[in-house]
Structure formats: structure tokens, C-alpha cells
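Visitor: Got a sequence here, can you build the structure:
(chains A and B)
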Amino acid sequence: MDILKVHQTEPRSFRLVGELDLSGLGCLRPIEAVASSPGDIHLDLTRLRFVDGAGLDRLADLARQLGRTGDAGRVVVLRPPRSVERLLKRVSSSENLDNLVVVRLSSVVDDSLEISEPARDLNQILVSDYPPEAVCKLIAELAVSEVPGAESACVAIRSDGDVAFAASSDHAAEHVQTASIELGEGPAIDTVRSGQRHLSHSLVTEQRWPQFTNAAMYLGIASVLSEPLPVRGTTIGALTVLSARENAFGESACQGIARLASRGAVVIANAVLYWQSTELAGQLREALESRAVIDQAKGILMARDHISADEAFAMMLKASQRSNQKVRDIAQRLVAEINPIPAEKGLS
Amino acid sequence: MKRSFPADCTSLFPVRQFVRDSAVGVDLRPQELDDIVLAVSDACAVLLRHSLDTVIVLSWEAGREEILITVEDRGEIRVWAEESRIDEEEISLISDLVDDVDVTTAPDTGRTLIRMQKHFGTKGRP
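Guide: Numbering: from 1, shown residues only, chains lettered A, B, ... in the order given. Here you go, the predicted structure:
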């Protein structure tokens, strides 16, 4: 089982999902192939949970490889988790890799993709540019600027019948939301389940969610407003704003959050659909391509060694296990051997 | 807690799961846990690159304010050469992540042990 998946979303853009360690370096080959030609490479690491020393070295190698093309190409790393970001910055500065650039979400929105201030209007956002988590974070950040009284905000979404944390404007909101989900109570959870707004003017006197109230007050929150995210009559999640002040949310806040939630819900739903469909399409394309090259390689082995199709596949499987490479990669090497371009090494 | 893993790079993910599971209930900050998970995973990767043994053994011991983790092979090495010793460069990342790291190799068998210590709580925090 691969713990890392690499999706090619554009000719020079890739999305890494899972954990990158020594065992997954082979999955980076499509990126390395692109790095041999000049131009920037974009790596979306939103869903990369872990990277080890070998993975870091390989990412640094990509930057070095691009540097050698003489075109000042960059490896632009988008939205890495904090743990990965810290390591990337470490390797970038210790090895003076100026072309290994880490771009966090807020700077992606404001600078890197050159989205101008008016385009922060959700109607202007192309869901193909943002995975659902990034869209949710953008909505949380917009809530802080658009909802009067909001100091921080978070988005929870319905997932397999449960309520899951999606994104937040800052750490305080993330802690409040995850505490609520772990405790199984709170305004966001009730909002998702009921499809109704939940407002608490003062957590000091709040009775509905005793455990949540304790946790939120411990984190310095005094008032909460949670609004359903509606799409075609169903509630896909909740947008919640928080404040350290009691009575922070009045009528204008309720109107503001309702407007943002109704616009945001549609963008989130579209982003989820888009990314699910591109992932599925990518997997299907990969499966078809793999099958074609494996069939070719099987044919080569059958002709060369006078063996059956099953024996040819078993031979490739064995080589795959021994060398920790995918059967597809083994097959590709075999096919490359009969091409006029000299191959590095044969199947042994 | 002690557990053996096949000496194969596909064991690195289960190793990290073991560390994450073992850390449940230990009062670690998220970054401290990230550091420990990476340090242990990298220590295993270093060992895998040097050892021809079939098994690596991981042990985890959590005290009130420190964690001691060791990663070792059994020294059942078919080929052993002086140049296959683990050098400082290879453990520089691990050194940055934990408070103390120590590598010992038995000169006769090549049995290698990587010992890591991480402080947390009042002992490890400013």
C-alpha cells in the first residue's frame, strides 16, 4: 500500500497526499522528470501530513536540479502543514536554496496567485485553484473581516454523518472547534445537525453546552455565533465566529454571517465536487496508463523468455518487491529498453 | 514498550504509527510530538540504510518529563565494513529534533543502537 500519492494536476503542478518517507521516493519520479526542463514547479502540500529527512533531501534535489537548467526555475511549495513548512525552511536556508519557495495559504490568497482584493469575493474564486480545506480557510478569514464583532472564525463540515473540523482563521478558533468536536457538543455541532443558527451572547451564563462552554472560556472565548452552510435545502456545515467579548454579535453580525455562509457554502460544495472528480479522473487515467505499459512489458518478456503472460507478470512482481519499485515502473524500464533511447539498466 | 519491525522501508509508516500511539496520554505539545515522530522515523531510516539485518527493534519509555527511545538492529550482519558506520551528517536532523542522540556500534558484530532522549514539560520548555 502506498502511503504517498502524487497527482499531476497540471503539466508542472503536482499534489502530494499522505506521508513522504524513504519508501515513497519512487513516487516522486514524475516530478523529477519535469524538473529536467526549465520553468517553475508547483507542489501543493495541503494534504501532505509528514515528510522525513530522505523526502526533504529529494525536494531539495528538485530545486538543485531546476537550478541546473539555467532558467532560474523555482520549486514553489504551496500550503504545507506547519511541521512540514518548518523543515522546508530549515533545508532551504541551510543549503541556500533560494529557488525552494514556501508559500502559505494567506500569501497564496494575497500574492502568489495574484488574486486582487476584489477577487477575494467568493464569486471570483476558481475552485480548481483551491482544495476544499483552502476554500474553508478563506471563508473563515473572510468571516473575521466581514462579520462585525468577529475576532476569529472556523468552519466545520458534515462528513459521513459526523461533524468534522475543516479550517480556521487562527489557532484559537481551531482549538475551540476541535474541542467542540471531541466533546461532541457545541453551537457548530447543533447548527450542522439542526440547520438553525445558534448564538450565545455570553458563555458565562450559557447552559446548553456545559463542557464546550468550559473549554471555550478556558481559551478566552466569551461569545459565539454559528451559522449553517446551506446548499439546496441541506446543511453541509457551519461557519462559526468567536469573540473574547460578551454580547459581541448583534443583528448586523447575524446578517453578515448569513450572507457569507450562503455564498461560501456553494463554493465549498463546488470545491469538494471538483477535487473529488479530478482525483477520480487522475486515478482512472493512471490505472489505464499503468495497464497499457504493463501489458507491453509482459509481451516483451513473453517473447524474450518464451514464458506465459502469468509468468511474465510474476517476474515483474518479484523484481518490484525486490527493488521497492512499482510494477508499473519496472514495466516502463523494460519498455524503454527496446526504445532507441538508451535505458539505464535492465530488469535483473 | 518494545516492538520489532521488519527491516524494510515499508516499516517506516507503522513505526510512526507506533510512536503516535505510544505518545497518547503523554503531555506533549503538537510540535514536540512532530519532532519525536520525525526523529524516530529518520533514525530507523538511517539504520535501514546501514544494516542488512531483517529486523529493527524500537523501544519507548516515557517518564514524567522525558522520553527515551532506542532503535537497534540485532547485529546479524552478513557484511560489515568500517566505512558503513553511521556518520554525524546522517544524524544532524535527528540532533536538531531531540535533546540528546547517541549512536553506538559494536565493533565485532556491527550491532547498532541509536538512543534518543527528548525532554518536555517544565524540563524541556522555557
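
Visitor: The closest residue to residue B:13 other than its chain neighbours: how many residues sit nearby?
Guide: Leaving aside its sequence neighbours, residue B:13 sits nearest to residue A:3 (Cβ to Cβ, 6 or more residues apart in numbering or on different chains; 4.8 Å). The way it works is simple: take the backbone N, C-alpha and C, and place the C-beta from them, glycine included. The number of residues packed near residue A:3 is 19, by other Cβ atoms under 10 Å in any protein chain shown.

Visitor: Roughly how far does residue A:3 sit from residue A:328?
Guide: Applying Cβ to Cβ, to the nearest Å, the value for residue A:3 to residue A:328 is 17 Å.

Visitor: just residue B:55 next, same as before
Guide: The gap separating residue B:55 from residue A:328 is 30 Å, by Cβ to Cβ.

Visitor: swap in residue A:95?
Guide: Remark: distance between residue A:95 and residue A:328 (Cβ to Cβ) = 32 Å.

Visitor: which of the residues in the longest helix seen in chain B are buried?
Guide: Ranked by number of residues, the top helix in chain B under DSSP state H is helix B:30-50. By neighbour count on 16 or more other Cβ atoms under 10 Å in any protein chain shown, the buried set for helix B:30-50 is B:32-48, B:50.

Visitor: Repeat that for stretch B:51-66.
Guide: For stretch B:51-66, the neighbour count (16+ other Cβ under 10 Å) marks B:51, B:53, B:56, B:57, B:58, B:60, B:62, B:66 as buried.

Visitor: just stretch A:21-32 next, same as before
Guide: Within stretch A:21-32, the residues scored as buried using 16+ other Cβ under 10 Å are A:21, A:22, A:23, A:24, A:25, A:27, A:28, A:31.

Visitor: Just the strands from chain B, written as ranges.
Guide: Secondary structure of chain B (DSSP state E): strands at B:2-6, B:55-62, B:66-72, B:100-105, B:112-119.

Visitor: Kindly report the same for the stretch 51-200 of chain A.
Guide: Using DSSP state E, counting those that start in this stretch, the strands of the stretch 51-200 of chain A run over A:75-78, A:100-103, A:152-159, A:162-168, A:198-200.

Visitor: Mind telling me which residue of the stretch 51-200 of chain A is nearest chain B?
Guide: Relative to chain B, the nearest point of the stretch 51-200 of chain A is residue A:83 (4.1 Å; Cβ to the nearest Cβ).

Visitor: Could you report the separation of that residue from residue B:29?
Guide: Distance of residue A:83 to residue B:29, computed by Cβ to Cβ: 12 Å.

Visitor: neighbour-wise, which of these two wins?
Guide: Neighbour count, other Cβ under 10 Å: between residue A:83 and residue B:29, residue A:83 has more, with 18 against 12.

Visitor: What residues does that one make contact with?
Guide: Taking Cβ atoms under 8 Å, 6 or more residues apart in numbering or on different chains, we find residue A:83 in contact with A:50, B:30, B:31, B:34, B:38.

Visitor: And for residue A:22?
Guide: By Cβ under 8 Å, 6+ apart, the contact set of residue A:22 is A:52, A:54, A:55, B:9, B:12, B:45, B:48.

Visitor: looking at it, the first one is touching residue B:15, isn't it?
Guide: Looking back up the chat, that one is residue A:52. No: using Cβ atoms under 8 Å, residue A:52 is not in contact with residue B:15, being 10.5 Å away.
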